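>>> Need the 3D shape of this:
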Amino acid sequence: MGGALDGWMLAEALRSPESVRALDAEGWTALLSIARAEQMIGTLAWRLDGVAVPAGVARILADARASAEQGRIIALWEAEAARRALAPLGVPLVLLKGTAFVAADLQAGQGRSIGDLDILVPRETLDAVEAALLGAGWEWVKPDPYDDAYYRQWMHELPPLIHRDRDRMIDVHHTILPLTARITPDADALLTDAVEVAPGLWTLSPQDMIVHAAAHLFADGDLAGGMRNLWDVHCLVEQFGGDGLSDRAAHHGLSHQVDRALRLAAALYGARAELGLADRAYLRRITARDGWGRPTRPITRQAFYIRSHWLRMPPAMLARHLWTKWRKGGAGPASG
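Okay, here's the model as predicted:
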């Protein structure tokens, strides 16, 4: 698998950086294209730092490292802006995903591409948090009344907000899976066991970070961004180990998802793992890129896209939601 022009090529380079010495021009084009498509070019650049590469590649990787550093600074500033906006409320501001990794200076944050600012707050504070953010310059992204009502009634987060001056989005979560999902993680436990990493800024515990990554990938999504999510899992396990993880996953009702995340992360980035047929299907979807970084395996992708909707809500509700969105001519919140 490691020699294929697909996501496995990126996985091999991340797992064994010295292996890139054998690449020819076509190989480098494929590796860089896949890394960009998976939003992991900064991670690749970090891993290859110090490895002898062609001059043209070295320039691309240097630019990627600089871009990732700029992204880190912007992400931390957005976190600080949110902290200032919410400070009068006394609400604990728990950072999620990439911003949490860089705020805590974790291995998973090295070169990490960071998009929106994702935060977790207690559900009972949502109205006050939303009002404070609106007062500090954030605005609603989704003006459609159906989308707004859907988010507020069924989703695990507020409708997304974007800052009018900085054009940066914030996703305010009150738990880590939609309320329509078949699994109900313990949001209170996520907040109770959060770790303060800077004055007024918190992250999930290491175990809950892994649980969240697994939940996002296998219980909520269509596996888009799977290589990056599993790299997060690999780095977190490598840095913190697995002590207490099994019990924590069971507490949140996500044992199956966490076990799969550990197997697939090991298969991609660590020692080879024992994989069943279902695991191989997941990896086939996660690594579905060609040598130009374009999506491949459309039937597999479509199957996992349908699966993601099925997991998010009961069949009758899903049918009503998709019918409503089809009539309105757009994709709804359930399509991520």
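>>> Now stretch 199-206 - C-alpha only, PDB.
Listed next in PDB are the C-alpha coordinates belonging to stretch 199-206 (Å, rounded to 0.1, in the frame of the first residue of the first chain):
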ATOM      1  CA  PRO A 199      -5.100  32.200  31.800                       C
ATOM      2  CA  GLY A 200      -8.800  31.800  30.900                       C
ATOM      3  CA  LEU A 201      -8.200  29.300  28.200                       C
ATOM      4  CA  TRP A 202      -8.900  25.500  28.600                       C
ATOM      5  CA  THR A 203      -8.600  22.400  26.500                       C
ATOM      6  CA  LEU A 204     -10.200  19.000  26.900                       C
ATOM      7  CA  SER A 205      -8.200  16.400  28.800                       C
ATOM      8  CA  PRO A 206      -5.900  14.300  26.600                       C
END
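>>> got the contact list for it?
79-80, 83, 87, 92-96, 100, 103-104, 120, 190, 193-197, 209, 212, 236, 239-240, 248 (CB atoms under 8 Å, 6 or more residues apart in numbering). (Each C-beta comes from the backbone N, C-alpha and C, glycine too.)
>>> buried sites along the longest helix along the chain?
Secondary structure of the chain per DSSP state H: the longest helix is helix 55-86. Of all the residues in helix 55-86, those buried under the rule 16 or more other CB atoms under 10 Å are 57, 60-61, 64-65, 68, 71-72, 75-76, 78-79, 81-83, 85-86.
>>> next structured bit after it?
strand 93-95 (DSSP states H and E).
>>> where along this protein do the strands fall?
93-95, 117-120, 138-140, 161-163, 169-173, 195-198, 201-203 (DSSP state E).
>>> what angle do the fifth one and helix 55-86 make?
Just to be clear, that refers to strand 169-173. Angle, strand 169-173 to helix 55-86, by axes from the mean of the first three to the mean of the last three CA atoms, to 10 degrees: 60 degrees.
>>> Start at 6, not 1
All right, first residue 6 from here; so that's strand 174-178.
>>> Other residues contacting strand 174-178?
Outside strand 174-178, the residues that touch it by CB under 8 Å, 6+ apart are 83, 87, 101, 120-126, 131, 134-135, 138, 143, 146, 161-163, 165-168.
>>> Could you measure from residue 143 over to residue 292?
36 Å (CB to CB, to the nearest Å).
>>> in the chain, what spans have low per-residue confidence?
6-9, 147, 225-226, 312-341 (pLDDT under 70).
>>> change it to 80
Scanning the chain with the threshold set as pLDDT under 80 gives 6-10, 147-152, 155, 159, 224-227, 276-278, 306, 309-341.
>>> since we're on residue 173, how many residues are nearby?
Residue 173 is flanked by 18 other residues according to other CB atoms under 10 Å.
>>> Look up how far residue 167 lies from it.
In terms of CB to CB, residue 173 sits 7 Å off from residue 167.
>>> I'd guessed residue 56 sits against residue 26; true?
Yes. With contact defined as CB atoms under 8 Å, residue 56 counts as touching residue 26 (7.4 Å).
>>> Which residue of these two possesses the greater neighbour count?
Between residue 56 and residue 26, counting by other CB under 10 Å, residue 56 is the more crowded of the two (15 against 9).
>>> which residues does the closest residue to the more buried one other than its chain neighbours contact?
Spatial nearest neighbour of residue 56, excluding adjacent residues (CB to CB, 6 or more residues apart in numbering): residue 22 at 5.1 Å. Residue 22 is in contact with 52-53, 56, counting by CB under 8 Å, 6+ apart.
>>> about what we covered before: for the longest helix of the chain, which helices and strands make contact with it?
Judged by 3 or more CB pairs under 8 Å, 6 or more residues apart in numbering; DSSP states H and E, the packing partners of helix 60-91 are helix 30-42, helix 46-52, strand 98-100, helix 102-108, strand 122-125, helix 131-140, strand 206-208.
>>> try it again with 6 Å
Contacts defined by 3 or more CB pairs under 6 Å, 6 or more residues apart in numbering; DSSP states H and E place helix 60-91 against helix 46-52, strand 98-100, helix 102-108, helix 131-140.
>>> right, so of the ones you listed, which gets closest to residue 277?
Among the helices and strands packed on helix 60-91, helix 46-52 comes nearest to residue 277, with 19.3 Å by CB to CB.
>>> quick check, distance from that closest one to the centre of its chain.
17 Å (CA atoms, centre = their mean, to the nearest Å).
>>> what residues does that helix touch?
With contacts defined as CB atoms under 6 Å, 6 or more residues apart in numbering, helix 46-52 is touched by 19, 22, 40, 66, 69-70, 73, 115-116, 118.
>>> Check stretch 103-123 too.
The set of residues external to stretch 103-123 that reach it, using CB under 6 Å, 6+ apart, is 44, 47-48, 50-51, 73, 76-77, 80, 83-84, 100-102, 174-176, 202, 206, 208, 237, 240-241, 244.
>>> Likewise for stretch 150-166?
135, 138, 143, 145-147, 174-178, 180, 182-185, 338.
>>> Could I get the CA-only coordinates of that stretch as CSV?
Extracted in CSV, the C-alpha atoms of stretch 150-166 (Å, rounded to 0.1, in the frame of the first residue of the first chain):
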residue,chain,number,x,y,z
PRO,A,150,-34.7,30.6,9.2
TYR,A,151,-34.8,26.8,8.7
ASP,A,152,-31.1,26.4,9.1
ASP,A,153,-31.1,28.6,12.2
ALA,A,154,-34.0,26.7,13.8
TYR,A,155,-32.4,23.3,12.9
TYR,A,156,-29.1,24.3,14.6
ARG,A,157,-30.8,25.5,17.7
GLN,A,158,-33.0,22.5,18.1
TRP,A,159,-31.0,19.6,17.0
MET,A,160,-27.3,20.4,16.6
HIS,A,161,-24.4,20.3,19.1
GLU,A,162,-23.5,23.9,18.3
LEU,A,163,-24.9,27.3,17.7
PRO,A,164,-25.3,28.4,14.0
PRO,A,165,-21.8,29.5,12.9
LEU,A,166,-20.7,33.1,13.5
